[in-house]
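In: any chance you could fold what I've pasted below:
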Amino acid sequence: MSSKERLNSEIREAVRHHYRFAVKRFARQAPLFVALWVLFVVSDTALLIPVGLVGILGGLYCLQMLARRAGCTWMCARAFRAYEADFVPTLKKVRQEGGGVLFLLLGQERNPMWTMRAHKASRKDGWPKDIEAGLWFAGDRLFGGAAFVPGSGELLIMQPNGWKLWAPERKSAGAERIARARRAGIRRLRIRRPVRVHG
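Out: Sure thing, here's the model as predicted:
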């Protein structure tokens, strides 16, 4: 197996892992809220209305998190299909926010205007293990892309943090680059402010 085939195999396995992770988290958390809602329905008493509301809201939250994790994983897989992955041996950590949101500069770039906003597919807080050793990036820095951290198997979807600043450059990027970004699903801003995830 060539190094390229091995990398593609590792990325496919990471995608499968993140889908499984999303489903497992949902399967672990959702039943509790479903049980609360069922308890309210079968009890037939107004005293348990708060319990029923917690069950409904909690169940909707779990569904939202399943959609966000699976959606982020799907976006990563789409970017890896559209672009060839290049290894980025160095990066600079800028800062992190809750919900698995990271801000970083790829390679030797130190201009803050090129800061990338990345969402971890797992939505867990903190920097991926061994990210300092580099990552595989598939994308176009004007539009964004996906990253695979080989040390941890973490997937990241990222786009320029200063998205509006680079609008003129994206418009003049050329038909081929724009079409490829569209195939990857990053032609438009896809990364929004996340909901914080615990656990």
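
In: from here on, contacts and neighbour counts on C-alpha atoms
Out: Fine.

In: find the nearest non-adjacent residue to F137, please.
Out: Once flanking residues are discounted, F137 sits nearest to A147: 4.4 Å by C-alpha to C-alpha, 6 or more residues apart in numbering.

In: could you report the pLDDT at that neighbour?
Out: Here, the pLDDT recorded for A147 equals 97.

In: and if you look at the one 4 residues further on?
Out: Predicted confidence (pLDDT) for G151: 83.

In: tell me where the model's unsure across this structure.
Out: 192-199 (pLDDT under 70).

In: if I look at V23, how far off is E5?
Out: 27 Å (C-alpha to C-alpha, to the nearest Å).

In: who has more neighbours out of these two?
Out: Using other C-alpha atoms under 10 Å as the criterion, V23 and E5 rank with V23 on top: 16 against 10.

In: what helix or strand does that one sit in?
Out: Element membership of V23 [criterion: DSSP states H and E] is helix 3-43.

In: helices or strands next to the helix or strand just after that helix in the packing?
Out: With elements assigned by DSSP H and E, the helix or strand that comes after helix 3-43 is helix 49-82. Using 3 or more C-alpha pairs under 8 Å, 6 or more residues apart in numbering; DSSP states H and E as the contact test, the elements touching helix 49-82 are helix 3-43, strand 135-140, strand 144-149, strand 154-160, helix 175-184.

In: what residues does stretch 155-166 touch?
Out: 14-15, 72-73, 75-76, 103, 113-122, 141-149, 186, 189-191 (C-alpha atoms under 8 Å, 6 or more residues apart in numbering).
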